[in-house]
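*Asks:* I would like to see how this sequence folds:
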Amino acid sequence: MIKRLLWGDVPASKQEQKLIFKIDCFILSYCCLMYFTNYLDRSNVNNAYISGMKQELHLQGNDFNLINTMFTCGYIIGMIPNNLMLQLVPPRIWFLLMQIVWGVLTFCSSVVQNVQQLYAIRFLQGISEASTFVGTHYILRAWYKSGELGKRSGIFTCSGLAGTLFSGVLQAAVYQHLGGVAGRSGWRWLFVVDGVITLPIAVYGFLVFPDVPATTKAFYLTKEERILSFARLEPDHDVIRHPLSWNLAKRVLTRWRWYGCSLLFAISGETESFGSNNLMGQWISAIGGYSVEQADYYPSGVTAFGIVSTLVCATWTDYTRARWPVLVYMSICCTTAAICILVWSSPTGLKFFAYYIAGAAYSGQATTFAWANQICADDDQERAIVLASMK
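*Replies:* Numbering: from 1, shown residues only. You can find the predicted model right below:
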């Protein structure tokens, strides 16, 4: 019971247990590291904004909102094409290319001279970073059973949140120790350091990522383990595989899955703006009385609460197979937070509490995507489209 609670379904044999251990070590480790850098390179602009970028680039009015909007536009455009490319190009190749692209763009952010250049970089970065979240959820379903998926999805989601948390801590350290070195501002060094972290992880993925069970040639899997990795999922679902054609659009548009799952995460994901747009950091900077380092450090509590909530909820869903209670929990936390923040006369301590519990919004990611993976398990291509459309 304890083993199932902590790690999902108990393997049927020692051989299967060994296989799961291997794919956890290599697939999950790379996906988590990749998503860590994905969020690190995504959220760094929020920390840079409150650490001197606003003044140096003379940002005014809606400039910062437009920076985030350009990233979001690129992300939306890139989601479905990126997931479809995983049907045509080996995942370890496609993930490598996309990670190199956004790593190079992160370096480019360190030398921008005006906001227009940052608009272009963030748009292209959004397209390339769109490959990671939905692509990984698509790949995880190819390797894990339904009863194993929730916890792994939760761990994967937490790795991205750890990137956000680490970005704030890293920016504070960079601002303090590298600001002014070689004539560069501290916020510019943040982009350089993030780029240095990103590129080696891309190479690691190229070396160890095993693609999917049907095509894997991973050096660490024996022939028997490769066969088992494919065969053990057959009782779980009968996957329909089609060549890419216009029939895919018909299948997606005439079923309820695309509409229902997309709407579910559109509502769930909207609440993540508490953390993803660093609203707490901007609020701390606006009210004054806090140092730059404090404005970078304190919002990390939002992410920390999100990590704890995600892991607890993912464990619960794998054990009970009930996913909807997570969304109820998330809604209660976010509604409470919104009320506390909207009441302007609320004491500062209560607003800190409100921002922190709003981190529960992140717990919906792993749950809703594991749910969609399970719902669409019988059609690989539809699953790729549905997962991409949700994010």
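*Asks:* Low-confidence ranges, the protein, go.
*Replies:* In the predicted model of the chain, residues 1-10, 234-245, 272-277 satisfy pLDDT under 70.
*Asks:* Which elements pack onto the longest helix seen in it?
*Replies:* With secondary structure taken from DSSP state H, the chain has its longest helix at helix 146-177. Helices and strands touching helix 146-177, as assessed by 3 or more C-beta pairs under 8 Å, 6 or more residues apart in numbering; DSSP states H and E, comprise helix 2-7, helix 29-48, helix 133-143, helix 186-208, helix 292-297, helix 300-320, helix 363-375. Backbone N, C-alpha and C define where each C-beta goes, glycine included.
*Asks:* Relative to residue 107, which of these is closest?
*Replies:* Nearest of the helices and strands packed on helix 146-177 to residue 107, taken as C-beta to C-beta: helix 186-208 at 4.1 Å.
*Asks:* how far does the helix or strand following the closest one sit from the chain's center?
*Replies:* Using DSSP states H and E, the helix or strand that directly follows helix 186-208 along the chain is helix 223-231. Counting by C-alpha atoms, centre = their mean, to the nearest Å, helix 223-231 is centred 29 Å from the centre of its parent chain.
*Asks:* Helix 223-231 versus helix 133-143: what angle between them?
*Replies:* 110 degrees (axes from the mean of the first three to the mean of the last three C-alpha atoms, to 10 degrees).
*Asks:* any chance of the helices and strands packed on helix 146-177 in TSV, plus distance to residue 269?
*Replies:* TSV is the format used below for the helices and strands packed on helix 146-177 (distance: least, C-beta to C-beta, whole Å):
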stretch	distance to residue 269
helix 2-7	27
helix 29-48	14
helix 133-143	11
helix 186-208	24
helix 292-297	25
helix 300-320	13
helix 363-375	7
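*Asks:* Tell me which of the ones you listed lies nearest to residue 330.
*Replies:* Of all the helices and strands packed on helix 146-177, it is helix 363-375 that lies closest to residue 330, at 5.0 Å by C-beta to C-beta.
*Asks:* Next, the angle from that closest one to helix 300-320.
*Replies:* Here the directions of helix 363-375 and helix 300-320 differ by 30 degrees (the same axes, to 10 degrees).
*Asks:* Show me what counts as buried in the longest helix of the chain.
*Replies:* 146-168, 170-175 (16 or more other C-beta atoms under 10 Å).
*Asks:* Adding mean neighbour count and distance to residue 88, write the helices and strands packed on helix 146-177 out as a markdown table.
*Replies:* As requested, these are arranged in a markdown table below (neighbours: other C-beta atoms under 10 Å; distance: least, C-beta to C-beta, whole Å):
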| stretch | mean neighbour count | distance to residue 88 |
| --- | --- | --- |
| helix 2-7 | 11 | 33 |
| helix 29-48 | 24 | 20 |
| helix 133-143 | 25 | 13 |
| helix 186-208 | 20 | 18 |
| helix 292-297 | 20 | 41 |
| helix 300-320 | 22 | 31 |
| helix 363-375 | 25 | 20 |
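*Asks:* among these, which is nearest residue 115?
*Replies:* Closest to residue 115 of the helices and strands packed on helix 146-177, according to C-beta to C-beta: helix 29-48, at 11.2 Å.
*Asks:* Report the angle between the closest one and helix 186-208.
*Replies:* On the basis of the same axes, to 10 degrees, helix 29-48 is oriented at 170 degrees to helix 186-208.
*Asks:* Helix 29-48 packs against which elements?
*Replies:* Contact here means 3+ C-beta pairs under 8 Å, 6+ apart; on that basis helix 29-48 packs against helix 63-88, helix 91-109, helix 115-129, helix 133-143, helix 146-177, helix 186-208.
*Asks:* can you rerun that using 6 Å?
*Replies:* Contacts defined by 3 or more C-beta pairs under 6 Å, 6 or more residues apart in numbering; DSSP states H and E place helix 29-48 against helix 146-177, helix 186-208.
*Asks:* out of these, which comes closest to residue 100?
*Replies:* helix 186-208 (5.3 Å).
*Asks:* For the closest one, name the packing helices and strands.
*Replies:* helix 29-48, helix 91-109, helix 146-177.
*Asks:* mind putting these in a markdown table, distance to residue 321 included?
*Replies:* Output for the helices and strands packed on helix 186-208, formatted as a markdown table (distance: least, C-beta to C-beta, whole Å):
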| stretch | distance to residue 321 |
| --- | --- |
| helix 29-48 | 23 |
| helix 91-109 | 28 |
| helix 146-177 | 7 |
